[in-house]
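Asker: Please find the sequence and the predicted model below.
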Amino acid sequence: ASFIKFCFLFPHTCTMDFRYIVPTMIIGALAIGDMIDDLEKKNTVLSRRIITIVLGIVFLFLLFGCWTYLKISLV
């Protein structure tokens, strides 16, 4: 979230700044996958709801990422 905020606050800053966030995105993706795997093993109503919410947030992130790049390519 802070990186996305940074991108909108400073849209003309050097794109090389992205290289600093990539490792955290990879680690974050692995952590989310590990959390979902642990929650699936519990198989409770609460864990299924948490998984649904997390996957919904991930889907929205992907959707808005695609929208952003499509919007840039059409400009």
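Answerer: Nice, I can see it.

Asker: what pLDDT, on average, does the helix ranked longest in the chain get?
Answerer: Using DSSP state H to define each element, the chain has its longest helix at helix 45-74. In this model, helix 45-74 has an average pLDDT of 91.

Asker: on contacts alone, who are the packing partners of that helix?
Answerer: Other elements packing on helix 45-74 under the criterion 3 or more C-beta pairs under 8 Å, 6 or more residues apart in numbering; DSSP states H and E are helix 22-42. The way it works is simple: take the backbone N, C-alpha and C, and place the C-beta from them, glycine included.

Asker: just checking, residue 50 touches residue 40?
Answerer: No. If you go by C-beta atoms under 8 Å, residue 50 and residue 40 don't touch, sitting 10.4 Å apart.

Asker: Counting neighbours, go ahead and name the busier of these two.
Answerer: A count of neighbours by other C-beta atoms under 10 Å puts residue 50 above the other of residue 50 and residue 40, at 15 against 11.

Asker: Number of residues surrounding the nearest residue to that one once chain neighbours are set aside?
Answerer: Once flanking residues are discounted, residue 50 sits nearest to residue 39: 5.8 Å by C-beta to C-beta, 6 or more residues apart in numbering. For residue 39, the number of neighbouring residues by other C-beta under 10 Å comes to 17.

Asker: residues in contact with residue 39?
Answerer: 47, 48, 50, 51 (C-beta atoms under 8 Å, 6 or more residues apart in numbering).

Asker: From these, pick the one nearest residue 6.
Answerer: Within these, the smallest distance to residue 6 is 27.8 Å, found for residue 50 (C-beta to C-beta).
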